[in-house]
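Student: Prediction below, plus the sequence it came from.
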Amino acid sequence: MRLTFDDLIAVMAKLRGADGCPWDREQTHASLAPYLLEESHEVLEAISRGDPSALCGELGDVLLQVVFHAQMAQETGTFDITAVTDRLVRKLIDRHPHVFGDVRLGTAREVKAHWDELKRREAPERATFAGIPPSLPALARAQKILERAIPDEPRRRDVKKAVAAVRQRLEPTLTMATHQGREPLAGQAAIGELLFAVAALAEAAGVDAEAALRAQCERVIAATQSGTPRSHD
C-alpha cells in the first residue's frame with residue numbers, strides 16, 4: 001500500500017510536535033529558506049540528467065519543504081496546507097479559462113499572453129518587474145527582466161539592435177527562431193560557448209561577471225521605470 005499526501009501531512013505534524021524531532025521543531029521559515037533553494041537546484045540537476053527516478057525523489061524533497069512551511073504556518077494560525085492547495089487550485093482554474101471556461105486559445109503562445117493579461121487584470125497596480133526575485137541568479141533574472149521589458153515595439157527594436165552582433169556570431173549553428181527551422185541543441189551549444197567566452201573575458205578583466213550582470217539588471221529596471229532609454233554599451 002502506498003502512503004499518501006495525507007500521510008505526509010501527518011508525519012510532518014508529528015515531527016513538529018512535542019514528542020517529535022528537536023531539529024525539526026526549532027526550524028523557522030527563514031532557517032529553511034536555503035534548503036528550498038538547494039532542493040530546487042537538485043530538481044533541475046535531475047531534469048538535466050534525464051533521470052526519472054532521481055527526479056521523483058527530488059520533487060519529494062521540494063514537496064517536503066512546502067509541507068514543512070505550511071505546518072509551521074498552521075502552528076501560528078496564519079494558514080495551513082489546505083489554504084495553500086485551495087489558492088493554487090483556484091488560480092489554475094481562473095488562469096485557464098480556455099480549459100475550464102469558454103475562451104478559445106489555440107497555441108501555447110496565446111495561452112502565455114492570456115495568462116500574463118489575467119495577471120495584469122488581477123493586480124493592475126503591480127509594478128512591471130514585481131515578482132522577479134532579486135535572489136535569482138543574474139542570468140535568469142536578466143532573461144525575466146527582458147521578457148517584461150520588451151513588449152513595446154521601441155524596446156523590442158533596441159534589443160534587436162543589441163543582439164545583432166551576437167546573432168551574427170552564432171550563425172550558422174543557430175538558425176532563426178521559428179518553430180519550423182530551429183536547432184535547439186546547436187543553438188544551446190553556441191550560446192553556451194558565447195557565455196563562457198564572456199565569463200572568460202570578465203575573469204581576464206578582473207570583473208565579477210555575476211555582479212556586473214546584476215548591476216545591469218538594476219540599470220534596465222531603473223531605465224524602464226523612468227521611461228528613459230538605456231545603453232547597451
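Tutor: Cool, got the structure. Numbers count the residues shown, from 1 in each chain.

Student: quick one: low-confidence ranges for this structure?
Tutor: 123-128, 143, 146-187, 196, 200, 203-204, 227-233 (pLDDT under 70).

Student: can you list the domains in it?
Tutor: By the assignment in automatic domain parsing, the chain contains the domains 5-89, 96-122, 138-226.

Student: Can you lay out those as CSV showing distance to residue 131 and mean neighbour count?
Tutor: All C-beta atoms are positioned from the backbone trio N, CA, C, and that covers glycine. Listed next are those as CSV, based on distance: least, C-beta to C-beta, whole Å; neighbours: other C-beta atoms under 10 Å:
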stretch, distance to residue 131, mean neighbour count
domain 5-89, 16, 13
domain 96-122, 9, 12
domain 138-226, 9, 13
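
Student: To residue 129, which of those domains lies closest?
Tutor: Comparison of the domains of the chain against residue 129 by C-beta to C-beta identifies domain 138-226 as nearest, at 5.3 Å.

Student: Show me what the helix ranked longest in the chain is packed up against.
Tutor: Among the elements of the chain assigned as helix by DSSP state H, the one spanning the most residues is helix 52-76. The helices and strands touching helix 52-76, judged by 3 or more C-beta pairs under 8 Å, 6 or more residues apart in numbering; DSSP states H and E, are helix 5-16, helix 29-49, helix 81-95.

Student: Format the domains of the chain as JSON lines; extra columns: distance to residue 129.
Tutor: Shown next, in JSON lines, are these (distance: least, C-beta to C-beta, whole Å):
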{"stretch": "domain 5-89", "distance to residue 129": "20"}
{"stretch": "domain 96-122", "distance to residue 129": "13"}
{"stretch": "domain 138-226", "distance to residue 129": "5"}
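
Student: just so I know, which of these lies nearest residue 132?
Tutor: Per C-beta to C-beta, nearest to residue 132 of the domains of the chain: domain 138-226, 4.7 Å.

Student: so can I have a markdown table of the helices and strands packed on helix 52-76 showing distance to residue 188?
Tutor: Listed next are the helices and strands packed on helix 52-76 as a markdown table, based on distance: least, C-beta to C-beta, whole Å:
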| stretch | distance to residue 188 |
| --- | --- |
| helix 5-16 | 36 |
| helix 29-49 | 12 |
| helix 81-95 | 29 |
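
Student: right, and these - which one's nearest residue 215?
Tutor: Of all the helices and strands packed on helix 52-76, it is helix 29-49 that lies closest to residue 215, at 21.9 Å by C-beta to C-beta.

Student: what separates the closest residue in space to residue 54 that isn't next to it in sequence from residue 66, distance-wise?
Tutor: Nearest non-adjacent residue to residue 54, counting by C-beta to C-beta, 6 or more residues apart in numbering: residue 46, 4.0 Å away. Here the distance between residue 46 and residue 66 works out to 17 Å (C-beta to C-beta, to the nearest Å).

Student: ditto for residue 94
Tutor: 21 Å.
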